[in-house]
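>>> Give me a 3D structure for the following:
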Amino acid sequence: MSGIPLGTTGQPRYPSQTPETSMIPEETELMTNSNETTQLLQKHKTMYGEPNGNVDGYDIIGEDDVNPRERRRAWSELAVMDEEMGAAEARKQHQQLFDVKLTKRQKRIIRIGKIATLFTCMIVMAIFFTKDAESETIQTQVAVSQEEFTWINMSEVNEARYKRVRVHIIGNLAENSTEPFLTVQLVRTRDHHIVEVVDNFTVSLIDGETEVNLEEAVEEEKTFKVPWDSKEDRFHLHVVSTTDYYTTVVIGHLGMPSSSDDAVICAAIILVGVYVLIGFELVHRTVAAMVGSFAALATLSAFNERPSMEVVMTWLDYETLALLWGMMTIVAIFSETGFFDWCALMSYKIAKGRMWVLITILCMFSGIVSAFLDNVTTILLLTPVTIRLCEVLDLDPKYVLIAEVLFSNIGGTATAIGDPPNVIIVSNADIAEAGIDFTEFTIHMMIGIVFCMAAGYGLLRLMYRSISLKSLDPPEIQRLRHETEIWRQAASRIMVTTNEENTVKMLLLQKVYGLESELRNKIYERKHAQQKIMNWEENLEYLEDKYKITDPILLGKSGFVLTIAIILFFIHSLDNVYLDLGWIAIIAAMALLVLSDINDMESIMHRVEWATLIFFAALFVLMEGLTELGLIDFIGNVVADLIRGVPEESQLTVAIILILWVSAIASSFIDNIPFTTAMVPVIVNLAEDPELKDSLPLKPMVWALAFGACLGGNGTLIGASANVVCAGIAEQHGYRFTFYEFFRVGFPMMLVTTAVAMIYLLICHSTPIAWNY
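Residues are numbered from 1 along each chain as shown. All right, here's what the predicted structure looks like:
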């Protein structure tokens, strides 16, 4: 606020609106005539209405010998107005798709209605969640043969008269349908006499295996309908096998209400609801994920499947959470060295200030690095550099970051370690037995990804022609807006519990008000001052003075730890290295905290994206809940049934297309990790099905699943982990992009790259020139 004259009300007193001098110097030759000036004025009248500037009194209509000073002033004022109105129009075009103008009262009513609706839903969900106790599948270990059978009494099912019972068989089960068999029968009894066998559940056993190892055992399940006809009915499970020796298995059963038949529909409704909350930005995405995960738990409780707290905790992917926390901590300390500013400056030098050269370098670099390093780690390291670089180039970081994370996801598809779905696929025992190792997987995928990246880059250039990448404000105003947002975030993070904390918060808010006042004055001054445009050499000289390494010693320590961590990331899959990605990140973060001798831990922890970590935790619970409700298995079974229903000569083509596109679309809206986990057994069973074995080789289906699950993550903001991480870091730096802003670029990118992958797979595996199965 210093230097700004105040009126009696304490508000800034702005100078007169009348420009005292021309913005174009008198000695400068004016290369415009009255017709050009008139055309510019007419443009304003057509596009924006009557101008509000000081041009009405200018005598600009007539011959070219009109007073040149008047024409200079008119042209200068109109040019500034044109720039201002153009920026305003661009802002309007970049608003959300569903943004409408509402009065304050309407906004308040909508806000109260939203809060009331969500709170009512929370109360209903809490009632369903608490009305039943935690349920556990009752397991019984039995030993049976063709001469010795076993009866299992389902007392809790009979007492509660459940109309459904889910039966699990855990043991040495075979994938193919060959003898020996184990059969579980649902039997109705009355007065201890067998009335009828209601249904059967038959699985294949591995011949010769007598003992069951629960860690290596295979699990199959089936839901029986329980037809209650009279009060005397009782139901039991009858277990028998065709082996001539005793076979040990574990039989589990859980009673469920008849409403559990609609579990898949309920899961779909929950998923759509979460996307409505996120897509329309009704609440923060973290809150939306938390509400969705609790809705899934409440639905499971309503179906007598309420999991215990211990079970829910096992649903969390601790490796991913540990990786994120460790790398966020490292990046927080690394940012204190000025390294990210220096990297941005070096990139600016290499590209000589050319915007698309820099975007191309960033996209290609993120794609190539993500092929060999986990793409979440890649984005954690690149996002701060990209934001600094965009600030240097006066670019809007949002769409540059979106392009970068899209290519990171594409590049991560190329190798077996680049994306989590690929790791799940390659580590599967049945796929490994089919001869698919790291080398073969990488060769097949990398060739297709080269074409995908080329097509994706062309699409990016095409889409970004209609999107303004330049910042809508000049650098100084942009800096003030950004600085104001950062100070406001800092003030909001302080929880007032003492007078001292209250004083600090008030000082921060006072700083915010001062910056807002300075911003208003800068906007006014810009309208009445000629802007000096520097070329890239002048800008470079200015930036070299501004962006320097601030702490070389800390940079050396951070660089040493980060280098060791990255090397371990590359070699962690070797047989003699017993560390996963999460442990590597945690150990590296602790080592850097010790080396850097950090005393102010709170400042480091404030830079950790806790909202992003909580979002991932809630998302893991949500996706596991949807899996328990049967949504993902339902998708896999539908795909398998469709493939089996087509003629043999077309089965491979249909399988490639279906698996690829279903995986891509599904992975856009649900997390690709549980989806891939559920789909791997589906494609393995299809390949081993005796009726399909000759027409459906395993390898093309593996490539289709990998392409679809990884490329599909580009479809929406929460389709891939890297997307959420990038959005969280950008928001922390004051550059928030919405669900729709990501969707308008990411979904077309997903469609195009998936189409290219489909063409590649069909040419290589479903044509006369097929080169490898």
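>>> ok, residue 685 touching residue 174?
No - the criterion here is CB atoms under 8 Å, and residue 685 misses it with residue 174 at 11.4 Å. Where you see a C-beta, it was placed from the backbone N, CA and C, and this is true even at glycine.
>>> so how far is the biggest strand by length in the chain from its chain's centroid?
Secondary structure assigned by DSSP state E gives strand 193-204 as the longest strand of the chain. Computed by CA atoms, centre = their mean, to the nearest Å, the chain-centroid distance of strand 193-204 equals 46 Å.
>>> now the angle from whichever helix or strand comes after it to strand 193-204?
Using DSSP states H and E, the helix or strand that follows strand 193-204 in sequence is strand 218-225. Angle, strand 218-225 to strand 193-204, by axes from the mean of the first three to the mean of the last three CA atoms, to 10 degrees: 140 degrees.
>>> Pairing partners for strand 218-225, with directions?
Strand pairing for strand 218-225, using DSSP bridges, gives strand 164-171 (antiparallel).
>>> Give me the residues contacting the strand it pairs with.
137, 139, 154, 157, 182, 184, 186, 201, 203, 205, 212, 214, 217-226, 235, 237, 247-258, 260-261 (CB atoms under 8 Å, 6 or more residues apart in numbering).
>>> what do you get for stretch 427-439?
The contact list for stretch 427-439 (CB under 8 Å, 6+ apart) reads 175, 415-417, 425-426, 680, 684, 687-688, 698-699, 702.
>>> Turn the residues you listed into a markdown table, columns for distance to residue 486.
Output for the contacts of stretch 427-439, formatted as a markdown table (distance: CB to CB, whole Å):
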| residue | distance to residue 486 |
| --- | --- |
| 175 | 56 |
| 415 | 37 |
| 416 | 40 |
| 417 | 36 |
| 425 | 42 |
| 426 | 43 |
| 680 | 45 |
| 684 | 51 |
| 687 | 54 |
| 688 | 57 |
| 698 | 52 |
| 699 | 51 |
| 702 | 47 |
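>>> Go through the residues you listed and name the one nearest residue 721.
Using CB to CB, residue 417 comes nearest to residue 721 of the contacts of stretch 427-439, at 14.6 Å.
>>> surely residue 623 meets residue 669?
No - judged on CB under 8 Å, residue 623 makes no contact with residue 669 at a distance of 10.7 Å.
>>> okay, the two: which has more neighbours?
More crowded of residue 623 and residue 669, by other CB atoms under 10 Å: residue 623, with 25 against 16.
>>> From residue 142, how far out is the more buried one?
Using CB to CB, to the nearest Å, we find residue 623 at a distance of 33 Å from residue 142.
>>> Need the buried ones from the contacts of stretch 427-439 selected in PyMOL.
Here is the PyMOL selection string for the buried members of the contacts of stretch 427-439, based on 16 or more other CB atoms under 10 Å:
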select buried, resi 415+416+417+425+426+680+684+687+688+698+699+702
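>>> Give me the subset of the contacts of stretch 427-439 lying in helices.
Of the contacts of stretch 427-439, the ones assigned to helices by DSSP state H are 425, 426, 680, 684, 687, 688, 698, 699, 702.
>>> Now do the contacts for the third one.
Read that as residue 680. Contacts for residue 680 (CB under 8 Å, 6+ apart) come out as 424, 425, 428, 430, 431, 705.
>>> would you turn the residues you listed into JSON lines with pLDDT?
Listed next are the contacts of residue 680 as JSON lines, based on pLDDT from 0 to 100:
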{"residue": "424", "pLDDT": "82"}
{"residue": "425", "pLDDT": "87"}
{"residue": "428", "pLDDT": "79"}
{"residue": "430", "pLDDT": "79"}
{"residue": "431", "pLDDT": "85"}
{"residue": "705", "pLDDT": "94"}
